[in-house]
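J.: sequence-free structure coming up:
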Ligand code: CTP
Ligand code: MG
């Protein structure tokens, strides 16, 4: 009998949040009564689909052990790495003895606290029978320009351009080997790009525009606004 396929969440949370320009990494800033990372993790845990959530944390991070969620029975702490991809690989290694190659992994940025159970289920339902997997993404509403030296060199065909979000959902074995093969490659800024380098063509699943990434100071107020609007 084949073992049933499990779902794992991996959360890279070892960044310093340079663009946020705050006194601590952005995942520890307060948003609607909790830290950003607590919102993210509680939403993943409450979706009730994951066998565990592996979180990559910087070794110099004094904030993580202070949070109650760090001791949650389904939360596994892994060491963060130099780049986001290194952190994701480290979190994948931390569940190596638990996960099978065919299990699904959903990698989700700690800095995206507005993720909804609706979006998680939509991604899983869309890709569960796929061989490779894919990512949540948003089509672009704006007209997009190719700019060279401050001037417009052309207009891009918007119908082919999507913005990559997270979660990004791939088979454990394939994702791990793609990230290992891409180690040190700065062009790998998400999981899909590591698979693309191996010649795979991950699927696109349309996500919700409220699944924003906290990047700059003004994003906190926007995230709070979206959270107030959400009821799912
Ligand atoms: N991340 C990580 N390990 C790194 C770098 C980033 O786990 N070495 C995580 C961040 O904590 C974040 C996610 O990857 O949850 C997305 O990265 P980004 O938004 O770029 O966060 P930071 O790198 O912290 O921000 P900045 O680029 O502004 O410094
Ligand atoms: Mg970064």
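T.: Nice, thanks for sending it over. Note that the structure is a prediction, hence the values are computed from the model and not measured. Ligands and ions are numbered 1, 2, ... in the order given.

J.: contacting residues around the residue of the chain found nearest ligand 1?
T.: Of all residues in the chain, the one sitting closest to ligand 1 is residue 15 (2.1 Å; C-beta to the nearest ligand atom). From N, CA and C alone the C-beta is placed, and that goes for glycine too. Residue 15 is in contact with 25-27, 80, 84, 87, 110-111, counting by C-beta atoms under 8 Å, 6 or more residues apart in numbering.

J.: what sits against the nearest residue to residue 94 once chain neighbours are set aside?
T.: Leaving out its chain neighbours, the residue that sits closest to residue 94 by C-beta to C-beta, 6 or more residues apart in numbering is residue 78, at 3.8 Å. Contacts for residue 78 were tallied using C-beta under 8 Å, 6+ apart; they are 54-57, 87, 90-91, 93-94.

J.: my guess is residue 78 is in a strand, correct?
T.: Yes: Residue 78 sits within a strand when classified using DSSP: H, G, I helix; E, B strand; the rest coil.

J.: near ligand 1, which residues of this protein?
T.: Applying C-beta under 6 Å from any ligand atom, we find that the chain lies next to ligand 1 at 12-19, 27, 56, 80-84, 87, 109-111, 213, 215.

J.: just the buried subset of those residues, please.
T.: 12-15, 17, 27, 56, 80-81, 83-84, 87, 109-111, 213 (16 or more other C-beta atoms under 10 Å).

J.: spit out the contact partners of residue 202.
T.: Listed by C-beta under 8 Å, 6+ apart, the contact set of residue 202 reads 132-135, 168, 170, 192, 195-196.

J.: sorry, wrong one. I was asking about residue 100.
T.: When contacts are counted by C-beta under 8 Å, 6+ apart, residue 100 touches 3, 5-6, 172-173.

J.: SS state for it?
T.: Using three-state DSSP, the structure places residue 100 in coil.

J.: all numbers from here: first residue = 127
T.: Happy to do that; since the first residue is 127 now, the last one works out to residue 226.

J.: and the spatially most central residue of the chain, how far is that from residue 286?
T.: By C-alpha atoms, centre = their mean, the chain has its centre lying nearest to residue 234, at 2.1 Å. Using C-beta to C-beta, to the nearest Å, we find residue 234 at a distance of 25 Å from residue 286.
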